[in-house]
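*Asks:* sequence and predicted model, in that order:
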Amino acid sequence: MIRYIVKRVLLMIPTLLSVAVLVFFLMRVVPGDIVELRFAGESSFAQKESLDKERARLGLDQPMWKQFASWMGGILRFDFGTSMWTGASILEEVRLRFALSLQLAIMATFIAVLLAIPLGVLAALKQDTWVDYVVRIFSIAGLATPSFWLGIMFILGLLIVFHWLPPMVYTPFWQNPIQNLAQLIWPALAVGYRYSAVATRMTRSAMLEVLREDYIRTARAKGLWQQLILSRHALKNAMLPVLTVIALEFAFLMGGLVVTEQVFNLNGLGLLFVEAVAHRDYTLTQALVLLVAFVFIFVNFMVDLAYAWIDPRIRLR
Amino acid sequence: MLRRFLLLATAVLIGAAVPVAAQEKPRYGGELVFVVPSSPPSYDAHREETFGTIHPIAPHYNTLLRTDPTDKTGAKVVPDLAESWTISKDGRTYTLKLRHGVKFHDGSEFTSKDAKASYDKIVNPPAGVASNRKGEYVDVEAIQAPDPYTVVFRLKYPSASFLNSLASPWNWIYKADILAKDMRWYEQNVMGTGPFLFVEHVKGSHWVGKKNPNYWDKGKPYLDGYRAIFMTDSAAQVAAIRGERAMIQFRGFSPVERDTLVNALGPKITVQESAWNCVILVALNHEKKPFDDRRVRKALTLALDRYQGSTALSKIAIVKEVGGVQVPGTKFATPAADLEKLSGYGHDINKARAEARRLLKEAGVPDGFSFVYKNRGIPMPYEPLGVWLIDQWRQIGLNVRQEVIEAAKYYSELRGGNFEAAADFQCGYTVDPDLDLYKFESKDVSPSNYSRYVDRTLDELYEKQGRATDAEERKKYIREFERRLLDEEVHYIYTLQWHRIVPHSSRVHGWTITPSHYLNQQLDTVWLSE
């Protein structure tokens, strides 16, 4: 087991390195220039001399290999540098947003799991009955409804019915839990609903498949209690694909909630990501891509470990 | 419908009465919460270009002069840290007397050393420090501080706009000792003499300031503090005002957003409106055929029914006024009689379009001629205006395709001349001919002349208007400049002036809209009613 974990951790290094190389060169291929955008954009007076000075300060006048070497050197020392746009430390920029994005992802996952597992199981057990149809309509509606639109509906509903709007500024949970939840529960519900729709459908189909297996029939023939069959034999085996879906969605939520963050004015990683790309803030974009890649790799790794725990037949070799 | 109209009319009327209301006895206390649709890249206004820096940070600073916070034109210069000024007879020496007893937030005293160091940083930055505004001060020969309370600017030649330049909202006064140690300290830190002290900045989220109890202007500020919330999404901004989580967004809303707020909040909302010192231009690349031919350029401007466009577009977009090279209603604005004489500004659109077709034919441009209009990838107001332009040009037989360019790529395209016709804009921090016309000088003088022409006559007229210290003489040169730019050569096409709409909580007083969203952001005069 330990050998497996070490091997997987070591495999992360070339994956992250490939991502680093790819994002570094892709960013430079994309047209646009942070200096022109920032200084020449609104000003009629920005002279070439000033723009060149700024490019030199940011190191953009250096050959590309030199820029790459300098960036990689920094990463190896866990120094991600400073944002080209704000001049602030990248670790600081990310730290500010990470807590909010992580909490939102956890809350949305919690809501999704809370809805998806019971509904998916119920739909499978009551296949082709009205219960199944209701669950299917509920989940298809969730798939068809963009979470940002649902978010807008929440906001309008709260405004029109209760003349109330969620707080606009993030308060950490440990500082003021009520304020924190009053802000994040709405986007978590909007995102969690769509997320649950995917997981519900996956749970339903996985359960249907497992419920037709020989060992379930055998368990029933032995006269095992239905609840026990479901929880110990059916659900546990059906969980493998569901877990994969939940984990990948979780990783996506860490950096992919751009529009939802805009709608609820959340200072999260998704919005930071889009702004960094829009500003051609190379250093920040590169760091964020690495972070998101790391989250995906890490979550996949955890899922693999969970597979072994759920299904002992899977050997970690 | 009638209710909506009455609500809107009431809100705008209340807004129009705001300067009067500002004379009511201000109430002390409260926190002003406002929305900023952008966020500051750095804290140093000397190097930044966005209102995202001005709106949250300006309340920590003063400038030497400022524009009168009660003046709707935003062009009346009044004292700030300089209590008075004199101009020498030859118009080349500006002597400013500074206030006594002004303290920085760390308790140190403000003197002419600080004013000189701040302006040196802007006008003559040391090696390695970029100054985006150096080009605006090419007329400055020397900055001197003969005594602790006097600062003298010597110019190479008389400049009619220099006083406005000293009132620039970007030219915050920094502390000389700090600049001497680290010229870039102000990019990440705050230390000013302004009415509010810095409390907190959470990047991407909010900025907080609190009242400076030792502010030199006794009795001010009225607010206990302010909180600026950064919010890029316009629907979220409207929701914030509507839900009363925020009181104002100083940049402006669209007409539809204004109506939504007025309908939802009724008397709780006050609307202030003004012509905006921003205009969307069409850059016509003189290096690409057939746009090198002035007949073709003239046909393109003649095709535009600006008055109909104003009526239609002002209902959905932040454009309205039909004007020349200066904001309508301001000192050097084009009188209606002169405006109508310019190509494309007449009221007989059929006659203008017939002339446009004739000019195209004469220039050898076939019916159905096709070209690409590159538009800026910002929906408001570029998108509706782009659609309107294409429709207008279609009516003289041109087939125009719109290509929307992402903001980061947009400047590279324009600077590189990789376009035939493109959306461009001019936005000034104050209404001033030097600032507003500089862009249109020849391409070897003005780096933002994206039409890429050389016109020495225009350069000469720019210089003449800039050095004319007599207002009437200056007006004459500005009109000549305008005629050449928009009528004789049609180097650029002016479309419609932006229209600034600021609906805000009726609790907010002491703030007056101006044609510039960079002005009036010190917040020292702002107060909140119960």
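*Replies:* Done, it's in.
*Asks:* what about the one helix or strand B:Asp114 maps to, average pLDDT?
*Replies:* Using DSSP states H and E, B:Asp114 falls within helix B:112-123. Regarding helix B:112-123, the rounded mean pLDDT is 96.
*Asks:* beyond it, next helix or strand please.
*Replies:* Of the helices and strands lying after helix B:112-123 in sequence (DSSP H and E), the nearest is strand B:140-147.
*Asks:* what residues of the helix or strand that that following strand is followed by count as buried?
*Replies:* Sequence-wise, the next helix or strand downstream of strand B:140-147 (DSSP H and E) is strand B:150-155. Residues B:Thr150, B:Val151, B:Val152, B:Phe153, B:Leu155 are the ones in strand B:150-155 that count as buried (16 or more other Cβ atoms under 10 Å in any protein chain shown). Yep, even glycine has a C-beta here, placed from its N, CA and C like the rest.
*Asks:* can you map out the helices along chain A?
*Replies:* For chain A, the helices defined by DSSP state H occupy A:2-29, A:34-35, A:48-58, A:64-76, A:90-125, A:130-144, A:147-162, A:177-211, A:214-221, A:226-228, A:236-253, A:258-263, A:269-278, A:282-310.
*Asks:* the closest residue to chain A within the stretch 351-500 of chain B: neighbour count?
*Replies:* Here the residue of the stretch 351-500 of chain B nearest chain A is B:Ala408; by Cβ to the nearest Cβ that distance is 3.2 Å. If you count neighbours by other Cβ atoms under 10 Å in any protein chain shown, B:Ala408 ends up with 21.
*Asks:* cool, and A:Ala182?
*Replies:* Using other Cβ under 10 Å, A:Ala182 has 15 neighbouring residues.
*Asks:* tell me the contacts of it?
*Replies:* Counting by Cβ atoms under 8 Å, 6 or more residues apart in numbering or on different chains, A:Ala182 touches A:Pro166, A:Pro167.
*Asks:* equivalent analysis for the one 4 residues further on, please.
*Replies:* The contact partners of A:Trp186, by Cβ under 8 Å, 6+ apart, come to A:Gly151, A:Phe154, A:Ile155, A:Leu158, A:Pro166, A:Phe264.
*Asks:* the last one contacts A:Pro187, correct?
*Replies:* The one in question is A:Phe264. Yes: at 4.6 Å, A:Phe264 counts as touching A:Pro187 under the criterion of Cβ atoms under 8 Å.
*Asks:* hey, what's in contact with both of the two?
*Replies:* Overlap of the contact sets of A:Phe264 and A:Pro187 (by Cβ under 8 Å, 6+ apart) consists of A:Gly151.
*Asks:* ok, which stretches of the stretch 401-530 of chain B are helices?
*Replies:* With DSSP state H, counting those that start in this stretch as the criterion, the stretch 401-530 of chain B has helices at B:407-415, B:433-437, B:456-467, B:471-482.
*Asks:* tell me what angle the last one forms with helix B:456-467.
*Replies:* So that's helix B:471-482. Angle of helix B:471-482 versus helix B:456-467, following axes from the mean of the first three to the mean of the last three Cα atoms, to 10 degrees, is 160 degrees.
*Asks:* could you check the pLDDT of the spatially closest residue to A:Leu91 that is not a sequence neighbour?
*Replies:* Excluding its sequence neighbours, the residue lying closest to A:Leu91 (Cβ to Cβ, 6 or more residues apart in numbering or on different chains) is A:Phe80, at 6.0 Å. Note for A:Phe80: predicted pLDDT of 91.
*Asks:* quick one, phi psi at A:Phe80?
*Replies:* According to degrees, to the nearest 10, the main-chain angles of A:Phe80 amount to phi -90, psi 0.
*Asks:* ok, it touching A:Gly74?
*Replies:* Yes: using Cβ under 8 Å, A:Phe80 is in contact with A:Gly74, at 6.5 Å.
*Asks:* looking at those two, which is more packed in?
*Replies:* Higher neighbour count among A:Phe80 and A:Gly74: A:Phe80, with 21 against 15, using other Cβ under 10 Å.
*Asks:* so what's the more buried one up against?
*Replies:* A:Gly74, A:Ser89, A:Ile90, A:Leu91, A:Thr283, A:Ala287.
*Asks:* go through the residues you listed and name the one nearest chain B.
*Replies:* Comparing those against chain B with Cβ to the nearest Cβ places A:Ser89 closest, at 10.0 Å.
*Asks:* okay, and the beta partners of the closest one?
*Replies:* Beta-bridge pairing for A:Ser89 (DSSP bridges): A:Thr82.
*Asks:* how many other residues sit next to it?
*Replies:* 14.
*Asks:* measure how buried residue 290 is and give me the count.
*Replies:* Looking at chain A here, since you left the chain open. Per other Cβ under 10 Å, the neighbour tally for A:Leu290 reads 17.
*Asks:* switch to chain B, please.
*Replies:* Applying other Cβ under 10 Å, we find 17 residues neighbouring B:Pro290.
*Asks:* now swap in A:Val259 and tell me
*Replies:* By other Cβ under 10 Å, 18 other residues sit near A:Val259.
*Asks:* what of A:Ile178?
*Replies:* Count around A:Ile178 with other Cβ under 10 Å applied: 10.
*Asks:* quick check, pLDDT for it.
*Replies:* Predicted confidence (pLDDT) for A:Ile178: 95.
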